[in-house]
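Asks: Return a 3D structure for these sequence lines:
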Amino acid sequence: MSSNVRYILSAISLVLSATALVLCTLRFRQKAKDSIHTDLEIEELKAERDSLQRENRILRVENSYLKGIHSQTSEKN
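Replies: Residues are numbered from 1 along each chain as shown. Model (predicted):
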């Protein structure tokens, strides 16, 4: 009877160890997916920032040009 108990306890221990391993693997995979997702979001945000910086530079140039035209118009009047 005691060998059956040891066998059952060993089987339960093995199942618990396997379950813990599976849970750790799933948690690791989820963290890896989250990390990749975060990296993609960072790249998208960097691209959007670069686009906004280009647009900002264009608007500054246009603003300077319009100020120049305004000052030339003011001098003529």
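Asks: Residue 34: neighbour count?
Replies: With neighbours defined by other Cβ atoms under 10 Å, the count for residue 34 comes to 10. Every residue, glycine included, has its C-beta placed from N, CA and C.
Asks: pLDDT below threshold where in this structure?
Replies: Using pLDDT under 70 as the threshold, the predicted model of the chain has low-confidence ranges 1, 77.
Asks: Find the residue at the geometric middle of it.
Replies: If you average the C-alpha coordinates of the chain and look for the closest C-alpha using Cα atoms, centre = their mean, you land on residue 38, 1.5 Å from that point.
Asks: hey, where'd the helices end up in the protein?
Replies: Listed in chain order, the helices of the chain (DSSP state H) span residues 2-76.
Asks: show me the contacts for the residue nearest to the centre of the chain.
Replies: Applying Cβ atoms under 8 Å, 6 or more residues apart in numbering, one finds that residue 38 lies in contact with no residue.
Asks: how far away is it from residue 24?
Replies: Taking Cβ to Cβ, to the nearest Å as the criterion, residue 38 is separated from residue 24 by 21 Å.
Asks: Next one: the residue nearest to the centre of the chain from residue 45, what distance?
Replies: For residue 38 relative to residue 45 (Cβ to Cβ), the value is 10 Å.
Asks: swap in residue 67?
Replies: Here the distance between residue 67 and residue 45 works out to 32 Å (Cβ to Cβ).
Asks: now do residue 60
Replies: Distance of residue 60 to residue 45, computed by Cβ to Cβ: 22 Å.
Asks: And for residue 16?
Replies: Noted for residue 16: a distance of 43 Å to residue 45, by Cβ to Cβ.
Asks: now residue 54
Replies: Computed as Cβ to Cβ, the residue 54 to residue 45 distance reads 15 Å.
Asks: what about residue 69, neighbour count?
Replies: Residue 69 sits with 10 neighbouring residues when counted by other Cβ under 10 Å.
Asks: so what's it up against?
Replies: The neighbours of residue 69, taking Cβ under 8 Å, 6+ apart as the test, come to nothing; the list is empty.
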